[in-house]
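Enquirer: Let me see the structure of the following:
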Amino acid sequence: MRSNFLTQVTLFALLLWAGMVVGISFLEAPVKFTAPQVTLAIGLGIGRLVFGFLNKFELFFCSVVLVGLFYNRAPFKILFPALLLALVMALQTFWLLPALDVRALQIIAGQVPTPSNLHHVYVGMEVFKLGMLLGTASAVYRQHVHLVTPETSPLHP
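Expert: Got it, this is the predicted structure:
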């Protein structure tokens, strides 16, 4: 049985999650390093805290999306990108963020870590994740509009 309310919650979670990725990964993170009194060490300390919290919220939203899609028996074309999002979240949570955290702590401690492309990998994953979030939200919306006819609409008298 499909739940219109759960579909709306799923759509809300996808769009709020996308907004958080844009706001934090693409706006806050680069802008904080342009503030005149923010040193690299201070910026990295703030970043560790912000991205740690972002990751926890993303895991929550990912869970909400997956539960909503599974409960509503979403078709594979909608479920697959959501599963890709879950894979990206797992990679970021268990591999990439901890590796970036080690590098940030080295820099904060005054050390110079060996060169790495981990930051570029993170940015690439964020771009991919944003595309998957917006694409999945669009597919959920299109399916919802297709399934809700005037007779099944809660606004229908």
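Enquirer: can you pull the contacts of residue 129?
Expert: Counting by CB atoms under 8 Å, 6 or more residues apart in numbering, residue 129 touches 21, 85, 88. Any C-beta I mention is one placed from the backbone N, CA and C, and that applies to glycine too.
Enquirer: Going by distance to residue 142, which of those residues wins?
Expert: Each of these was checked against residue 142 using CB to CB; the closest is residue 85, at 17.8 Å.
Enquirer: neighbour-wise, which of the contacts of residue 129 leads?
Expert: residue 85 (23 neighbours; other CB atoms under 10 Å).
Enquirer: Surely that residue touches residue 135?
Expert: No - Residue 85 is beyond contact range of residue 135, at 10.0 Å (criterion: CB atoms under 8 Å).
Enquirer: what about the biggest helix by length in the chain, average pLDDT?
Expert: Ranked by residue count under DSSP state H, the longest helix found in the chain is helix 40-71. Helix 40-71 shows a mean pLDDT of 97.
Enquirer: How much space separates residue 33 from residue 40?
Expert: Going from residue 33 to residue 40 by CB to CB, to the nearest Å gives 7 Å.
Enquirer: Give the residue spans of this protein that score low on pLDDT.
Expert: Residue ranges of the chain with pLDDT under 70: 1, 147-157.
Enquirer: one more time with 50
Expert: For the chain, the stretches with pLDDT under 50 are 155-156.
Enquirer: Helices of that one, start to end?
Expert: Going by DSSP H, the chain shows helices at 4-20, 29-32, 40-71, 76-91, 97-108, 118-147.
Enquirer: Most tightly packed of the ones you listed?
Expert: Among the helices of the chain, ranked by average contacts under mean count of other CB atoms under 10 Å, first place goes to helix 4-20 (a mean of 18).
Enquirer: what does it contact?
Expert: 54, 57-58, 61-62, 64-65, 68-69, 71-72, 130, 133-134, 136-137, 140-141, 144, 148, 154.
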